[in-house]
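A.B. asks: Quick one, fold the following:
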Amino acid sequence: MKVRALMTSQLITVGPQMSLKEAARRMIESGVSGLLVTDDDKALVGVITEADFVKSESGRRAKQRARLLRWFGENGEMPSTERLVADVMTSDVITLHPDADHAEAARIMRKSAIKRIPIVDDDGTLRGIVSRSDILRAFARSDRDIIAELRDHVMDEVLWIDPRRVEVKCVDGNVELQGHLETKSDAVLLESFTKRVDGVVSVSSQLTWEFDNTKLERTTPPRDRLARPSW
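C.D. replies: Residues are numbered from 1 along each chain as shown. Model (predicted):
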């Protein structure tokens, strides 16, 4: 399944020049743990998360204590500079294209230990975001949806197998295939493709066939044909 079918397209974004205070307020009001940072052209330039705020605050306090000692020894005044999103955001962001497969998104999340991946077009324009919960939805499909994909897509459009020749049963993602096909290769391919369908847990095949085209006989030519011709 393409991530474009799973991603959330209604996003809460902030600009890199927004103050950290305002960004924190938006994060709290929206009930999210991270915000996407985009420029004026809606291109993704970074991500800011709760962890970035915590890291920024701890570093700021350490530096402030050092500056306090220095400034109190001179004029007793502290300079005030408002920190911006651009100061603490993560700019090296892992992204995916809308046409990427959800299995690829799952592998990246597991390997990189991240919970969500921004989805961007070829030109870098932000289109959405896909989260772990979005990926899980792909693996929690109803039995009816699984059967429909097997009949309408796998058999009819991909393998050109008449769906009327196969009885498909599915209970909690466990698929059972019964029917009589023209060739053994059709049966093998159908079982293989069924295992790849999102939401399928297991496959039990009782398919039979009219012709075993996987074992073509090899005939040895007559010995006289193997003899070296005389010129």
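
A.B. asks: Let me see the ranges of the strands in this protein.
C.D. replies: Listed in chain order, the strands found in the chain under DSSP state E are 13-14, 34-38, 44-49, 116-120, 126-131, 166-171, 174-183, 202-211.

A.B. asks: which of the ones you listed sits most buried?
C.D. replies: strand 116-120 (a mean of 23; mean count of other C-beta atoms under 10 Å). In this view, the C-beta of every residue, glycine as well, is placed from N, C-alpha and C.

A.B. asks: how is the chain carved up into domains?
C.D. replies: Following automatic domain parsing, one finds the domains of the chain at 3-138, 143-211.

A.B. asks: hey, least reliable of those by pLDDT?
C.D. replies: Of all the domains of the chain, domain 3-138 carries the lowest average pLDDT, namely a mean of 81.

A.B. asks: related to what we said a few turns ago, now distance to Arg144 too, for the strands of the chain, in TSV please.
C.D. replies: As requested, the strands of the chain are exported to TSV (distance: least, C-beta to C-beta, whole Å):
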stretch	distance to Arg144
strand 13-14	37
strand 34-38	35
strand 44-49	37
strand 116-120	28
strand 126-131	24
strand 166-171	8
strand 174-183	12
strand 202-211	17
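
A.B. asks: which residues of the protein fall in helices?
C.D. replies: 20-30, 50-72, 85-88, 102-112, 132-138, 143-149, 184-196, 223-226 (DSSP state H).

A.B. asks: so how far is the first one from its chain's centroid?
C.D. replies: Same thing as helix 20-30. Distance of helix 20-30 from the chain centroid (C-alpha atoms, centre = their mean, to the nearest Å) equals 27 Å.

A.B. asks: residue contacts, Arg26?
C.D. replies: Ile12, Val14, Leu35 (C-beta atoms under 8 Å, 6 or more residues apart in numbering).

A.B. asks: quick one: it from Gln17, how far?
C.D. replies: As judged by C-beta to C-beta, to the nearest Å, Arg26 and Gln17 stand 14 Å apart.
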